[in-house]
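build me a model:
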Amino acid sequence: MCAVLVAIVPLSWSLATPASQPRVKPTPCNRICRYNSNFFDGEVCIGCFRDSHEISNWVSMTSQEKSYALEDAAERSVLACSFDGSISVEELRCQANGWLARVNIDSIAEQNDKRPTPTVSIKTEEENLNKSSTGIPPTPCTRICRYNADFYGGSVCIGCFRDSFEIGTWGSMDPIEKMYALEDAAGRCEETSNIERFEGGISGQELLRQAKLWGKHTNGSSWEEFDIKTGQSMPENNGYETFLKGDSVILLEKIVSHAESSAIKEAAKAIASRERRKRLEAGMANEGLVRIPALASAKRASNSNTPCAEPFESDTDGILNEILTRVCKLLDSEQRPIIDNLFGEGSSLHTLFHSDELAFSSREPAVNVYTKGGAFRPHKDGQKLTVLIPLSSINEFEGGGTAFWSSDSRGHRVEGASIELRPDCGTVILFVGHVTHAGVAVEDGDRIVFVASFSPKATSHQK
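Down below sits the predicted model:
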């Protein structure tokens with residue numbers, strides 16, 4: 001049996017600090033990016049209590065300015081009517097003191113003409129990128145930080161067209177994550193073409209220009225095809241005949257950002273924990289696997305009386321939809337032979353998805369949460385195409401992975417898998433519906449995977 005290990009270790013963007021400095025969080029964002037029109041006229045996030053200006057300019061603020069901003073946020077927090085899940089006033093003041101302490105330490109270091117121990121500084125990283133390029137702003141912010149309740153429910157800034165999550169995590173994004181965020185923002189900007197333009201808002205062309213510039217600072221995503229029989233990487237531009245026959249899988253590196261995967265994992269673990277508790281209370285065994293459906297998946301399951309776990313909330317569901325949309329667009333533009341063969345000549349996977357013309361496997365799209373002992377038996381999806389995206393880094397679990405059997409295998413009951421893939425977080429694995437595959441048992445830790453198997457509705461084979 002040949003084993004293939006695909007490891008793409010993402011950069012860590014946590015704000016590390018030396019022992020001599022207080023530990024602070026890069027941002028007070030707690031992933032609850034919402035606004036209430038009755039609280040500061042909807043201009044203050046009810047998750048972190050920063051206003052729009054503080055959120056959009058957070059990355060460029062000095063330690064002193066961040067301390068002031070957090071003190072102001074703490075004062076607003078006192079006036080709140082305990083919004084569920086909001087950051088506490090105590091935590092805001094603790095973070096404010098942390099940033100203030102950094103100011104004092106930085107001042108002492110400067111007086112002694114000493115540089116602090118090198119850290120992965122968000123601001124320094126962006127400054128370094130900007131030194132090596134021209135015409136790339138550190139942020140697409142236009143200083144028009146406003147929200148309109150009639151546009152994406154007030155969750156998207158009408159100045160830069162980023163949503164609250166993208167604005168709040170902008171400073172911790174790496175270049176490719178910023179590229180994806182700007183491309184998504186450009187898509188939202190296009191939706192204003194049929195309505196009155198927001199005066200002063202950034203243009204879609206400018207957003208795409210900035211996205212392209214950020215893309216130059218990364219090696220970019222690359223497609224790689226693996227032969228299931230041999231486990232060897234295959235040459236490019238081979239027409240994908242082996243793939244269409246079910247004897248190879250295709251990998252696309254780094255399609256999901258660190259911020260996106262972190263948000264999905266956090267939500268998935270919480271739901272999986274509640275689901276396991278329900279099962280134990282009902283006298284059911286813990287199988288080590290919980291499948292969490294997207295909102296649309298849960299609705300379809302309900303209509304067909306198919307039991308499933310509670311679905312994701314709208315915020316996380318929106319991230320899943322954006323990721324699948326991103327994959328569809330890339331396949332449309334870069335993998336025409338696959339789309340033409342599987343979905344019809346000239347078909348647009350992106351259009352089929354957003355016009356609800358794709359039929360998905362039961363309870364999919366979904367996120368599988370594997371804990372110790374969790375596995376998925378060998379099977380065939382029976383759909384035209386399967387998209388599988390690990391959301392956990394390979395150092396977060398032991399065992400696990402996806403096993404594949406070649407088409408000439410005597411079967412999984414007779415012989416072991418031909419290859420096992422364990423790609424790192426954010427990598428897309430693509431394969432056709434007649435490929436036998438399985439989820440390898442997890443020995444320890446949590447392995448979280450996004451999966452979507454689908455066909456055109458006219459030719460779907462529901463499983």
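
which SSE is immediately downstream of the worst-scoring helix or strand of the chain on mean pLDDT?
Counting by mean pLDDT, DSSP states H and E, the weakest-scoring helix or strand in the chain turns out to be helix 122-131, with a mean of 35. Past helix 122-131, further along toward the C-terminus, the next helix or strand under DSSP states H and E is helix 164-169.

pLDDT of that following helix, averaged?
Helix 164-169 shows a mean pLDDT of 84.

would you mark the buried spots in it?
Taking 16 or more other Cβ atoms under 10 Å as the basis for neighbour counts, the residues of helix 164-169 that come out buried are S164, F165, E166, I167, G168, T169. C-beta here means a position set from N, CA and C on the backbone, and glycine is covered the same way.

of the residues you listed, closest to I264?
Comparing the buried residues of helix 164-169 against I264 with Cβ to Cβ places F165 closest, at 11.3 Å.

ok, that closest one to E443 distance?
When distances are taken as Cβ to Cβ, to the nearest Å, F165 and E443 turn out to be 33 Å apart.

one more: L358?
Going from L358 to E443 by Cβ to Cβ gives 35 Å.

okay, these two: which has more neighbours?
Using other Cβ atoms under 10 Å, the more surrounded residue of L358 and E443 is L358, with 23 against 13.

not counting its neighbours along the chain, what's nearest the more buried one?
Across the structure, with Cβ to Cβ, 6 or more residues apart in numbering as the measure, the residue nearest L358 apart from its sequence neighbours is F454 (4.5 Å).

that neighbour belongs to a helix?
No: counting by DSSP: H, G, I helix; E, B strand; the rest coil, F454 is not part of a helix but strand.

number of nearby residues for it?
Considering only other Cβ under 10 Å, F454 is surrounded by 26 other residues.

what's across from it in the sheet?
F360, L385 (DSSP bridges).

ok, now which ones touch it?
For F454, the set of contacting residues under the criterion of Cβ atoms under 8 Å, 6 or more residues apart in numbering consists of L358, A359, F360, S361, E364, Q383, K384, L385, S460.

retrieve the pLDDT associated with it.
The score at F454 is 96. That number is its pLDDT.

do E91 as well
89.

secondary structure element holding the residue nearest to it when sequence neighbours are not counted?
Spatial nearest neighbour of E91, chain neighbours left out: P28 (7.6 Å); criterion: Cβ to Cβ, 6+ apart. In this assignment (DSSP H and E), P28 forms part of neither any helix nor any strand.

what are the ranges of the helices in the stretch 251-400 of the chain?
Under the criterion DSSP state H, counting those that start in this stretch, the stretch 251-400 of the chain carries helices at the ranges 258-281, 295-303, 314-334, 336-343, 349-354.

helices or strands up against the shortest one?
If I follow you right, that is helix 349-354. When contacts are defined as 3 or more Cβ pairs under 8 Å, 6 or more residues apart in numbering; DSSP states H and E, helix 349-354 packs onto helix 314-334, helix 336-343.

same question for the first one.
Contacting helix 258-281 under the criterion 3+ Cβ pairs under 8 Å, 6+ apart are the following elements: helix 164-169, helix 175-190, strand 289-293, helix 314-334, strand 366-370, strand 447-456.

columns distance to E75 on top of those, output as CSV?
CSV is the format used below for these (distance: least, Cβ to Cβ, whole Å):
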stretch, distance to E75
helix 164-169, 20
helix 175-190, 30
strand 289-293, 38
helix 314-334, 26
strand 366-370, 38
strand 447-456, 38
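
so which of the ones you listed is nearest W405?
strand 447-456 (16.9 Å).

grab the nearest non-local neighbour of G439.
G439 sits nearest to F376 (Cβ to Cβ, 6+ apart), 3.1 Å away.

shaky segments in the stretch 101-250 of the chain?
Low-confidence segments of the stretch 101-250 of the chain (pLDDT under 70): 104-135, 193-199, 216-221, 236-239.

please repeat the previous calculation with a cut-off of 80.
With pLDDT under 80 as the threshold, the stretch 101-250 of the chain has low-confidence stretches at 102-137, 142-150, 171-176, 192-200, 213, 215-222, 235-239.

now do the helices in the stretch 1-150 of the chain.
Under DSSP H, counting those that start in this stretch, the stretch 1-150 of the chain gives helices at 52-56, 63-79, 89-111, 122-131.

buried residues in the second one, which are they?
Looking back up the chat, that one is helix 63-79. Neighbour-count burial for helix 63-79 [16+ other Cβ under 10 Å]: S63, K66, S67, A69, L70, E71, D72, A73, A74, R76, S77.

how close does the third one sit to A96?
In this structure, S67 and A96 are separated by 5 Å, where distance is defined by Cβ to Cβ.

the first one now?
Taking Cβ to Cβ as the measure, S63 and A96 are separated by 10 Å.

which residues do those two both contact?
If you check S63 and A96 against Cβ under 8 Å, 6+ apart, no residue is contacted by both.

R50 contacts W58, doesn't it?
Yes: using Cβ atoms under 8 Å, R50 is in contact with W58, at 7.5 Å.

what touches both of these two?
Common neighbours of R50 and W58 are listed as A69 (criterion: Cβ under 8 Å, 6+ apart).

quick check: which of the helices of the stretch 251-400 of the chain is nearest to G411?
That would be, of the helices of the stretch 251-400 of the chain and by Cβ to Cβ, helix 336-343, which comes in at 24.8 Å.

what angle sits between that closest one and helix 314-334?
Here helix 336-343 runs at an angle of 110 degrees relative to helix 314-334 (axes from the mean of the first three to the mean of the last three Cα atoms, to 10 degrees).

check the model's average confidence along helix 336-343 for me.
For helix 336-343, the mean per-residue pLDDT is 92.

stretch 389-405 now?
If you average the per-residue pLDDT over stretch 389-405, you get 92.

what of stretch 290-299?
Regarding stretch 290-299, the rounded mean pLDDT is 95.

that one: end-to-end distance?
The stretch stretch 290-299 measures 18 Å between its terminal residues, going by Cα to Cα, to the nearest Å.

any buried residues in that stretch, and which?
Under the neighbour-count rule (16+ other Cβ under 10 Å), stretch 290-299 has V290, R291, I292, P293, A294, L295, A296, S297, A298 buried.

tell me which residues touch the last one, please.
The one in question is A298. Counting by Cβ under 8 Å, 6+ apart, A298 makes contact with C308, E310, P311, R363.

that one and C308, how far apart?
Look at A298 and C308: by Cβ to Cβ, they are 6 Å apart.

which residues do those two both contact?
With contacts taken as Cβ under 8 Å, 6+ apart, the residues that reach both A298 and C308 are R363.
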